[in-house]
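S.K.: one predicted model, sequence on top.
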Amino acid sequence: MIYWTLFLEFAKIGLMAFGGGYATLPLIQQTTVYAYPWMTEQEFVDLVTISQMTPGPIFLNAATFVGCKVAGPAGGIVATLGAVTPSCILVSILAFLYLRHRNLSFVQHMLTFLRPVVVGLIAAAVAVILGMTLFHGDTPSLRSLDLLCLGIAALAFAVLRLRKGANPILVMLAGGVITLALHLLAWV
């Protein structure tokens, strides 16, 4: 039963995965934290971090991670298959249709309409991750703001925006080293 549930839930998310992995984060959170309490909000933030740091698309990494957490390695395989099945079917159909009808104005208008929706989904995911990363507690306030996390996030953002060739992996590693060093200094 759990395998079928994992497959169906990630297939539903995969069916709505317009805009890529980050756009699916609110859907994954809704499913894994609220609809099926497979993980806590903090575990979800950790899931996003791990899924982003490991090779591969964030949505597939998240599906695999959740499936393994809920039902072991077989659950990871089933959740991943659920996540990719709708995409494989839809992309095959859409590629065929797009190649035949790409010059129709309807197709161009539909693509124009979907772009801002995708931006909104990504912005919602960013807001969720920022809120859970920068604030401690249920209600964000200045008192619960984690200034170290805010500083590391601002520094990473600045490096990636100002240095056009900056390697995101090196930025992540540098952020981890800086955080570790600051925590070690605080314990001394």
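M.R.: Okay, I see it.

S.K.: just checking, what packs against the helix or strand harbouring Val66?
M.R.: Here Val66 is covered by helix 58-101, with elements defined by DSSP states H and E. Judged by 3 or more C-beta pairs under 8 Å, 6 or more residues apart in numbering; DSSP states H and E, helix 58-101 is in contact with helix 2-15, helix 21-29, helix 41-53. Heads up, the C-betas are built off the backbone N, CA and C, glycines and all.

S.K.: can you list the domains in the chain?
M.R.: As given by automatic domain parsing, the domain ranges for the chain are 2-137, 146-188.

S.K.: most packed of those?
M.R.: Most buried of the domains of the chain, by mean neighbour count (mean count of other C-beta atoms under 10 Å): domain 2-137, with a mean of 16.

S.K.: which residue is the nearest non-sequential neighbour of Leu25?
M.R.: Counting by C-beta to C-beta, 6 or more residues apart in numbering, the nearest residue to Leu25 once its immediate chain neighbours are dropped is Ala125, at 3.7 Å.

S.K.: ok, the one you found touching Gly21?
M.R.: No: the pair Ala125 / Gly21 is not scored as a contact, 9.0 Å apart, by C-beta atoms under 8 Å.

S.K.: so where is the protein shaky, pLDDT-wise?
M.R.: Where the chain drops to pLDDT under 70, the residues are 19, 136-140, 188.

S.K.: got a list of what the nearest residue to Ile2 once chain neighbours are set aside touches?
M.R.: Nearest non-adjacent residue to Ile2, counting by C-beta to C-beta, 6+ apart: Ala71, 5.0 Å away. By C-beta atoms under 8 Å, 6 or more residues apart in numbering, Ala71 lies in contact with Ile2, Tyr3, Leu6, Val78.

S.K.: likewise for Leu81?
M.R.: If you count contacts by C-beta under 8 Å, 6+ apart, Leu81 has them with Phe7.

S.K.: still on that earlier bit, residues in contact with the residue nearest to Leu25?
M.R.: Going by C-beta under 8 Å, 6+ apart, Ala125 touches Tyr22, Ala23, Thr24, Leu25, Pro26.

S.K.: that older thread, from Leu173, how far off is the residue nearest to Ile2?
M.R.: Distance, Ala71 to Leu173, using C-beta to C-beta, to the nearest Å: 32 Å.

S.K.: spatially, which residue comes closest to Ile50, not counting chain neighbours?
M.R.: Nearest residue to Ile50, sequence neighbours excluded (C-beta to C-beta, 6+ apart): Phe65, at 6.4 Å.

S.K.: isn't the one you found right next to Gly76, touching?
M.R.: Yes: the criterion here is C-beta under 8 Å, and Phe65 meets it with Gly76 at 7.3 Å.

S.K.: make a markdown table from the contacts of Ala125 and add distance to Pro86 to it.
M.R.: Shown next, in a markdown table, are the contacts of Ala125 (distance: C-beta to C-beta, whole Å):
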| residue | distance to Pro86 |
| --- | --- |
| Tyr22 | 18 |
| Ala23 | 14 |
| Thr24 | 12 |
| Leu25 | 17 |
| Pro26 | 17 |
